[in-house]
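Student: dropping the sequence and predicted coords here.
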Amino acid sequence: MSAKRVVITGMGTVNPLGHSVDATWEALLTGKSGVSKTEIFDAATYPTTFSAQVRDFDLSDHVDDAEKHRHAGRHCTFAIAAAVQAWKQSGLGQHDKLDLERLGIYLGSGEGSLDFDNFISLIVDAWNEDDTLNAPEWGRLGFERMDMYREIEQESHMVVAHLAAEFGARGPAFNVLTACAASTQALGEAVCMIRRGEADAIISGGAHSMIHPLGVMGFNRLTALSVRNDDFETASRPFDATRDGFVLGEGASILVLEDYDKVVERGAKEHILAEVLGYGSSADAFRITDQDPLGDGAAASMRAALIDAEMKPEQIDYISAHGTGTKQNDQVETLAMKQVFGDNAAVPISSAKSMLGHLIAAAGATELITCIKAMQDQILPPTAHLNAPDPDCDLDYIPNEPRKAPVHTCMSNSMGFGGQNNTLIITAGKS
Amino acid sequence: MPDRSAVITGLGVASAAGTGIEEFWATLEAGSKRLTTNAAFDPAGFPCRAAGQIENLSARKIVPKSYRKATKVMARDIEVAVVAADLAFKDASIQTKADGEMSIEAGRLGCNIGAGLICCELDELGQAAKTSVTDGKFDMRIWGESGMNNLTPLWLLKYLPNMLSCHVTIIHGAEGPSNCITCGATSGILSVAEAARWIARDAADAAVAGGAEAKLTPLGVLRQSLLGRLCTDSNDNPESACRPFDATHSGTVMGEGGGLLIVEDSRRAKDRGARVYAEIAGFGAACDPNGINVTEPNCGSLDIAVRKAIADAGVSVDDIDLIVAQGTGVAGEDRCEAAAWEKVFADRTPDIPAMAITGTTGTMFAGQSGVTMVAGALAVERQTAPPTANFTSPDEGCRLSLSGEARKCEIDYAVVGAFSVGGQSAACVLKRCEE
């Protein structure tokens, strides 16, 4: 017996470009930038003073009972809203024979934002004159000042808990945090679970917000972020010669994955948005600070996905690149794509991060949604802010303008900090 | 094509019960008490002062010389994983990049290490923060301008949960599938099961899998204190502070721990004549929609996970010979867990030997079920149910057959269970392998 087929029946997103798939897609096709001055905290003196923030978001616009999620962290509220959109689109809510023990959740969610002001003032207030922490004092003050829910909700799997509560799921529940590859990995492993018959449907995707004082600081200290403070709207420049780092974003994207046979059984074939054909995962096993300079790790992930999909590289119509806009990533990723697709690869490639910013754990799922929209509309989203050619990045990155093209099969790549690479291949086939 | 089956051929562990399986097993089998007063920092301001600590942990001592510098950017969680992985590969007699020549193809060696929310070191952050204080208050503008520059440029990399996996893949040259599951105490079982699935679908030939976490930091302990999960009545005799399923249980104790297993294709293991501890015969996972209510005891629909794991193994509840429970020692959680096991095993519950290691190790969060999987695999291999430390008389309503003494017993199938705060659960059925 061949493995089960896995299809996508719903999708939803909250990100810097919009609070729905349609709003996001429209913004991506018009080259809109989701980047603005950082308002979540006072970043005025940071090396990077801008970010791609979710704006004007209110969970009660998306759910009936926002009170149930009153303790949810910022990224978790994004995930709940995105999941509700996906759930509605899938039509699973109307399916009266849904077996909740076979409804799973597999997310790539990040940790919640630290309660920074409270946390740092505790350290300052419990600091000894001899330059050490007064731990007993810290404990006493912490017990008085810290909020239990705010602290516990920082565990990344609490997002899984909120989605289980929202939809009544009792099936397998996972969260993974392979940095920037997390939601692609979550989707891929979730697909494998359905193929094996471990669940009928899985709510999958990711959520993250690292736009907080320690998150931005961490990336700034690593010199990974763009510091183009005077021209922040165009600061995210994947594959451009003038790129100087990524732009930190936040958001969530959630998809509903289902066993194709079960979708047919419930008479919901019209809900099918795409089919997942292949998934690959690999490790650079090179260095924690740098990617494998030849792109071997990323190439291994793409090859594994092609083998899993039983496809040849020529059958891929579009690649949604990881394309972060750091010097190293875009060069290495280009080498990796050349390894798999040939030195003169003709396949069109773009990076939605040029407009969305880098949603870290939520990036892959968000970019997979853009692939589905590209197949629906037969139009490829561009790489914005790509004007200065880089001799190291000489493939077709769809600069600045969207492009009409026949798109039936897409590859989406994500590469996590530390060298964890993941690839998905999807098709729009509805047969 | 029939699935390839996955067996356990190597075990690596670091916990309060010992580092390396021989010390670990000897401690468990003797029922020795290893919880102590927390020496990781001065716990005087915290309601629970007991802790389960790993003695003499050092990644620096065991990594290849060329990698020693990298140990400076390892949070303690990462060190635990690096040490456990090294022990596991050695125990499995698999040569990795750390040994020079690899005895397995790099691209066919996977890595799946569960991790938690790593707390940053407050002393380190404080040294930087104190430069950004105006009139006794933290000043964000000074911090952004100059204060943050007092931290090492690689600061963030110390604390990313996927760095447990990443360091291990780099040290050992594991270029195959690579994941980092962050799902609380269930992470270890989920990771081992997922690695077994990689082998089943031919994406890898072997993988190092399990979980590790070291939450014994002021912030980590504070969070659990706020939740009210910790034992506060035994600060004067910390060795007895965690009493799983006992009538006197009154909270858990936080332990550091990592348990990593080498999961390998059964044919490969047979061909190379590897010692096999047990086969990973079945897996199940579940969750409970009420898990968001973190102040209410919840074991994540553990009964569903256990039933699924037993069905996945193709056996029945009557075939199970050992229950490896989690047993946090939190009264409400123990009751919820005991009820879940009883829901599955019904009247057989008192007849099946059961065990919990937390009385010795404390609760190890993302390391918890990696370490219990190691304990379960050893119990199956050695046909012995180790005692449950600090268990003397069962809590009312708990029908699990726990004992203060080690029991020799015939174990063909054992089931290991775990659940997370937040309402997730996982279970794994281990099958004895003859010879």
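Tutor: Nice, I can see it. This is a predicted model, so every value here is computed, not measured.
Student: now the helices for the stretch 201-350 of chain A?
Tutor: A:213-221, A:260-265, A:296-309, A:327-341 (DSSP state H, counting those that start in this stretch).
Student: out of those, flag the one nearest chain B.
Tutor: helix A:213-221 (3.0 Å; Cβ to the nearest Cβ). (Glycine included, C-beta is placed from N, CA and C.)
Student: that older thread, reformat the helices of the stretch 201-350 of chain A as TSV; add mean pLDDT, mean neighbour count and distance to chain B.
Tutor: Shown next, in TSV, are these (pLDDT from 0 to 100; neighbours: other Cβ atoms under 10 Å in any protein chain shown; distance: least, Cβ to the nearest Cβ, whole Å):
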stretch	mean pLDDT	mean neighbour count	distance to chain B
helix A:213-221	97	23	3
helix A:260-265	97	17	17
helix A:296-309	98	24	6
helix A:327-341	98	22	14
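Student: of all these, which one is nearest A:C76?
Tutor: helix A:213-221 (15.7 Å; Cβ to Cβ).
Student: who touches the closest one?
Tutor: A:38, A:41, A:43, A:46-48, A:51, A:113-114, A:116, A:120, A:209-210, A:225, A:246, A:248, B:120, B:140, B:143, B:148-149, B:151-156, B:159 (Cβ atoms under 8 Å, 6 or more residues apart in numbering or on different chains).
Student: next secondary structure after the host helix or strand of A:C371?
Tutor: Element membership for A:C371, per DSSP states H and E: helix A:363-377. Once helix A:363-377 ends, the next helix or strand along the chain (criterion: DSSP H and E) is strand A:379-380.
Student: can you name every helix or strand that that following strand contacts?
Tutor: strand A:403-404 (3 or more Cβ pairs under 8 Å, 6 or more residues apart in numbering or on different chains; DSSP states H and E).
Student: same for the strand it packs on, what does it pack against?
Tutor: strand A:379-380.
Student: which residues of the stretch 201-350 of chain A lie near chain B?
Tutor: A:213-214, A:217-223, A:281-289, A:297, A:300, A:304 (Cβ under 8 Å from any Cβ of the partner chain).
Student: got the domain boundaries for the chain?
Tutor: Chain wasn't specified; assuming chain A. According to automatic domain parsing, chain A comprises the domains A:6-114+A:154-427, A:116-150.
Student: wait, I meant chain B there
Tutor: If you go by automatic domain parsing, chain B breaks into B:6-119+B:159-431, B:122-157.
Student: residue numbers of the stretch 201-350 of chain B in contact with chain A?
Tutor: So the stretch 201-350 of chain B meets chain A at B:201, B:203, B:218-219, B:221-223, B:225-227, B:284-292, B:294-295, B:300-301, B:304 (Cβ under 8 Å from any Cβ).
Student: pLDDT value on residue 276, please?
Tutor: I went with chain A, as the question did not name one. With respect to pLDDT, A:V276 has a value of 98.
Student: try again with chain B
Tutor: 98.
Student: let me know the secondary structure of it.
Tutor: Secondary structure state of B:V276, per DSSP: H, G, I helix; E, B strand; the rest coil, is coil.
Student: please name the nearest non-neighbouring residue to residue 5.
Tutor: Reading this off chain A. A:Y260 (3.8 Å; Cβ to Cβ, 6 or more residues apart in numbering or on different chains).
Student: I was after chain B.
Tutor: Closest residue to B:S5 apart from its sequence neighbours, by Cβ to Cβ, 6+ apart: B:S266 at 4.5 Å.
Student: do B:E55 as well
Tutor: That would be B:T19: by Cβ to Cβ, 6+ apart, it lies 7.3 Å from B:E55.
Student: my guess is that neighbour meets B:I54, correct?
Tutor: Yes - taking contacts as Cβ atoms under 8 Å, B:T19 lies within contact range of B:I54: 6.5 Å.
Student: who has more neighbours, the two?
Tutor: Legend: neighbour count by other Cβ atoms under 10 Å in any protein chain shown for B:T19 and B:I54, higher for B:I54 (27 against 22).
Student: now do the same contact list for the more buried one.
Tutor: Residues near B:I54 by Cβ under 8 Å, 6+ apart: B:14-16, B:19, B:80, B:214, B:256-257.
Student: and it, its phi and psi?
Tutor: phi -80, psi 130 (degrees, to the nearest 10).
Student: for chain A, see how far away it is.
Tutor: 19 Å (Cβ to the nearest Cβ, to the nearest Å).
Student: just to revisit the earlier point, deepest of the domains of chain B, which one?
Tutor: domain B:6-119+B:159-431 (a mean of 24; mean count of other Cβ atoms under 10 Å in any protein chain shown).
Student: can you get me the start-to-end distance on that domain?
Tutor: Its first and final residues considered, domain B:6-119+B:159-431 spans 11 Å by Cα to Cα, to the nearest Å.
Student: point out where the chain drops to low pLDDT.
Tutor: Let's take chain A. A:1-2, A:429-431 (pLDDT under 70).
Student: was after chain B, sorry
Tutor: B:1-2, B:435.
Student: against B:S146, how distant is B:V80?
Tutor: Distance of B:V80 to B:S146, given as Cβ to Cβ, to the nearest Å: 34 Å.
Student: do I have it right that A:L294 meets A:L335?
Tutor: Yes - assessed by Cβ under 8 Å, A:L294 is found in contact with A:L335 at 6.0 Å.
Student: if we can go back for a sec, of the helices of the stretch 201-350 of chain A, which approaches A:M146 most closely?
Tutor: Nearest to A:M146, of the helices of the stretch 201-350 of chain A and by Cβ to Cβ, is helix A:213-221 at 15.8 Å.
Student: quick one: the helices in the stretch 1-150 of chain B, in order.
Tutor: B:21-30, B:76-91, B:122-129, B:140-145.
Student: out of these, which gets nearest to B:R243?
Tutor: helix B:21-30 (16.1 Å).
Student: what's the closest one packed up against?
Tutor: strand B:6-15, strand B:18-19, helix B:368-382.
Student: which one of those lies nearest to A:E166?
Tutor: helix B:368-382 (26.0 Å).
Student: still on that earlier bit, can I get the domains of chain B in a markdown table with distance to A:Q185?
Tutor: As requested, the domains of chain B are exported to a markdown table (distance: least, Cβ to Cβ, whole Å):
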| stretch | distance to A:Q185 |
| --- | --- |
| domain B:6-119+B:159-431 | 6 |
| domain B:122-157 | 19 |
